[in-house]
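**Student:** could you look at this predicted model? Sequence included:
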Amino acid sequence: MMGRTMFIDPGRCIGCQACVSACRECDSHRGKSMIHLDYTDEGSSVASLPTVCMHCEDPVAPCAEVCPADAILVTADGVVQQADTTRCIGCANCVNACPFGVPKIDLQAKLQMKCNLCYDRTAYGLAPMCATVCPTGALFYGTVEELQAERPGVQVADTFVFGESEVRTGVAMVVPAERVQWPVPGGLPVVEINGKDVRR
Amino acid sequence: MTADPRAADGRTVLPLDPSLAPPGTRGFRDAGGIPADQWHADQNGETLVPTHCCFCGVQCGMYLRVDRGGKVFGVEPRNHDINRMRLCPKGINAYQQVNHPDRLTAPLMRRSRDEELREVSWDEALDFTVSEIRRIQQEHGRDAFGVLGGASLFSEKTYLVGKFARVALKTRHVDYNGRLCMVSAAGANKLAFNIDRAGNPFSDILLTDCLLLAGANVGECFPVLTQYVWGARDRGATLIVVDPRETAVARTADIHVALKSGTDSAFFNAVLHVVVEEGLTDEAYLADHVTGWEEVKANVAQYPPSRAAEICGIPAEQVVQVARAFARAPKAMAFHARGIEHHTQGVENCLSVINLCAATGHIGKPGAGYGTLTGQGNGQGGREHGQKADLLPGGRSILNEEHRRQICEIWGIEESELPAAGTSMMEMVWQMQRREIRGLIGICNNPFVSLPNYAVVKEGYDTTEFHAQFDFFLSETAANAHVVFPVTIWAEDEGVMANAEARVVKHNKAQEPPAGVRTDTWVMCELARRLGAGEKFAFDGSREVFDELRRASAGTIIDYSGITYERLEETGGIAWPCPSTDHPGTPRLFEDGRTYHADGKIHMQVVEWHPPADPYDDAHPMTLTTGRTVAHFLSGNQTRRLGALVEQTPRPWAEVHPSHGFRNGEPVRVVTRRGSEVFPALVTEAIRPDTVFIPYHWPVPTAANALTIDALDPRSKIPEYKVCACRIEHAGAIDEVPAPPVAPGHVAYPETQVSRTDPLPPTAPQGRGTSERS
């Protein structure tokens, strides 16, 4: 796991979409949000969680691995950048490869776009815009020690299984302490809300 | 680098010298700012103006990004004490209003409602307004003209609204839209404590062991406060939410009491009943600090949990759980909002919560106390200095001879010239219907969307002979006016607001207003001058008004006399009372055990539950309740124009329980005694089966307030928005759902074009891939 990274805590999300609006303000893709908000149990609960790029570490960024144009680069500090506009051919291989459903294709421009962890901000020591503004701390940027100092006893997971494949990510998710399973089943972590298991 | 944060053009800009960064931050970067010379090359020269959000009563600190041309073009989080960089979607998008193409930039006028509004000169608009004021007052008396202000105005402007009405127009009819917000809490606080504000700062939430949220949808109405709620939870506090809906915060509560809307005081009486039965009262506190306890105790004996269970439609055990959790906690806090205040028994509901806090001794300590969460940015400050029908500056009563004399001395008028108390906002509309009020000036409000029972409101306004409105967008109400004055937006003027903690914060000017736009202060002073009261309104901007406001509040409970603009800029905000310039302000009340009553005690009040005003019958068996959604603010006049917020929540809906057999998105007709409207259904288990919820930010044909009842609390005169009888019906085809009334000027976000030929940014570090910026 990276030193300073993003932590996603679905138990704190109130579905306000401040992250979505903040992402539009980020200077690297101003006007487009690279986050979307998922409602995990619509119709029964208002539970929600934001989806950001998980910045996969092992295997290194499936989106980058399958890119035929070598347009997606991973920086030394583990950030999976969005596709280089001078190389991207808009083939959508990255969309199909991503186990978390993150990259999107701008069909008009035939270009991929995705979260680059606000590289324009983190390169200068600032937190990504979404984690900076998140009113509830459902998105937290910092080290795991900083997170645990602020939230005593919090447990995080950074390894997810998809069938027989296992993916370790640079971004981690908060999971309930009493329900930690290693690794966490694919896509969503185990999250129990008011006694209901959202995996059903 | 100079220490003066004031630029040559008068704007306050953030200094780049880290030693001059805001208090509590380690440096400029920690404060959320980026030195302009290290930002992207094309933004070199931008300045960051420290200010606050224009919307709710949390008053989050933010920076407005201003380009080299002096135009606001973005927002940057700010590490202010209140929000610590957090912002909600409304706050993030607020800056897009400033240079919005819908801004009014010239006065609009018509001589009769048969004509279209047309652009005119300032002189023509002002002359016509003054001649109509004179005509109506000469023909029908001074009280035939009224003024309705707003609680989104800076406190300086709300002070001027009250003075303008009483000194320039000499009318008793002045009130404001805070009447629709938290006046029930204000009334209860005055009765119990003789001070009209919350008892504790937000930061006390982090210290509490038990947090009770009653009728407060914190996640959608005050999203940034959620960090305090979660902070309390992280430290092991018990969270209790009382709300008919499973809101985002209720979802994670230890106890969610999903009671029937309109039954709150029965519930809190029953909780206090259990507290007494189980011996959980703080007898020492009651003996020393309270009056009226024996009467309250005898009254709550009539409310056993079984009775509350029947009235409220909840399990009786929940009453016991809440009583034990709240009373046994070493420190407990109760916050409420419109959910218990928007009722014909709104004051009583708030009193029943105060009774619980007082009986358990949870008052006046770090982590223990009460508060109300303010809906409008200046909902607190907007009523403090004389904009309310019965109040003079400093919260003085207009009925008190000594108070009247004090204010007349400051204003330089004879006591006999000062009018009597006026009527409330909804009552003024009824008076307009009856032609008792024939002329009206509205400032910063939109009653066509925000008042209940739209048909009555429309008729009232249509009956007026003259109606002028101040606004920066053409609201639904402004579109009804004879004259519309284009006024500044919050970022184009300076002034103070008091947030829900009664912390006074300073807003700074970030850009010059567009040509043709004047400040509300200028317009009121100019109208006063033309009405012959110019010498009483010789103000050159907010600072001079604030100085008079400080003098006018000196010696009162709401004492601003020790607060100066300079101190606010240094400290990030000061809570009143602040009686001298070396006084630190009063973030927490009653720490010495004394309230502001002469005897220093809490005056507990007996609260008897009574049913809502709109009775249920076979034709109207269900409860309609209304409220907000996170993307929109009040009447939506501001937020329904911003692309990102419209995209997030483009239209209202009717939230119904699955037991009624609707499919998601299916048209559902909601019928009350005022009328019926069709909405797409949002089918969810997160609402009581007997309740329907509609957000109220839209005008007709999808206006929740075309259905709500204009019944008022007899004491606070707040309308009963939160409960009326209704039924729901299938409404046929989906195309029956009317088009969402999106404001005509809705613009999409100014998106940066993605191009293949964009060069890499000159600042892209070597070997770091494509930190592509387009």
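**Tutor:** On my side now, so go ahead. In this text the structure is predicted, and so the values were computed from the model without any measurement. Residues are numbered from 1 along each chain as shown, chains lettered A, B, ... in the order given.
**Student:** and the closest residue in space to residue B:330 that isn't next to it in sequence, how many neighbours does it have?
**Tutor:** Spatial nearest neighbour of residue B:330, excluding adjacent residues (Cβ to Cβ, 6 or more residues apart in numbering or on different chains): residue B:209 at 5.2 Å. For the C-beta atoms, the positions are set from N, CA and C on the backbone; glycine is no exception. Counted with other Cβ atoms under 10 Å in any protein chain shown, the neighbours of residue B:209 add up to 20.
**Student:** isn't residue B:209 right up against residue B:367?
**Tutor:** Yes - when contacts are counted by Cβ atoms under 8 Å, residue B:209 is listed as touching residue B:367 (7.0 Å).
**Student:** which residues are common contacts for these two?
**Tutor:** Taking Cβ atoms under 8 Å, 6 or more residues apart in numbering or on different chains as the contact rule, residue B:209 and residue B:367 both touch residue B:331.
**Student:** go through chain A and flag its longest strand.
**Tutor:** Across chain A, the longest stretch assigned as strand under DSSP state E is strand A:165-175.
**Student:** hey, C-alpha coordinates of that strand in PDB?
**Tutor:** Provided in PDB are the C-alpha atoms of strand A:165-175 (Å, rounded to 0.1, in the frame of the first residue of the first chain):
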ATOM      1  CA  SER A 165      -7.900 -13.800  -9.300                       C
ATOM      2  CA  GLU A 166      -6.600 -11.700  -6.500                       C
ATOM      3  CA  VAL A 167      -6.000  -7.900  -6.900                       C
ATOM      4  CA  ARG A 168      -4.000  -5.800  -4.400                       C
ATOM      5  CA  THR A 169      -4.800  -2.100  -4.700                       C
ATOM      6  CA  GLY A 170      -3.100   1.100  -3.800                       C
ATOM      7  CA  VAL A 171      -6.400   2.500  -2.500                       C
ATOM      8  CA  ALA A 172      -7.900   0.700   0.500                       C
ATOM      9  CA  MET A 173     -11.400   0.200   1.800                       C
ATOM     10  CA  VAL A 174     -12.600   0.400   5.400                       C
ATOM     11  CA  VAL A 175     -14.300  -2.800   6.500                       C
END
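**Student:** parallel or antiparallel, list what pairs with it.
**Tutor:** With DSSP bridges as the test, strand A:165-175 is paired with strand A:5-8 (parallel), strand A:56-58 (antiparallel), strand A:155-162 (antiparallel).
**Student:** what about the helix or strand hosting residue A:38, average pLDDT?
**Tutor:** Taking DSSP states H and E as the criterion, the element that holds residue A:38 is strand A:36-39. For strand A:36-39, the mean pLDDT works out to 88.
**Student:** now swap in stretch B:635-648 and tell me
**Tutor:** 92.
**Student:** now the end-to-end length of it.
**Tutor:** 17 Å (Cα to Cα, to the nearest Å).
**Student:** point me to the residue of the stretch 351-500 of chain B nearest chain A.
**Tutor:** residue B:373 (13.9 Å; Cβ to the nearest Cβ).
**Student:** quick check: longest helix of chain B.
**Tutor:** helix B:122-140 (DSSP state H).
**Student:** still on that earlier bit, ok now the next helix or strand after the strand holding residue A:38, how far from the chain's centre?
**Tutor:** Sequence-wise, the next helix or strand beyond strand A:36-39 is strand A:48-51, with elements assigned using DSSP H and E. In terms of Cα atoms, centre = their mean, to the nearest Å, the centre of strand A:48-51 is found 9 Å from the chain centre.
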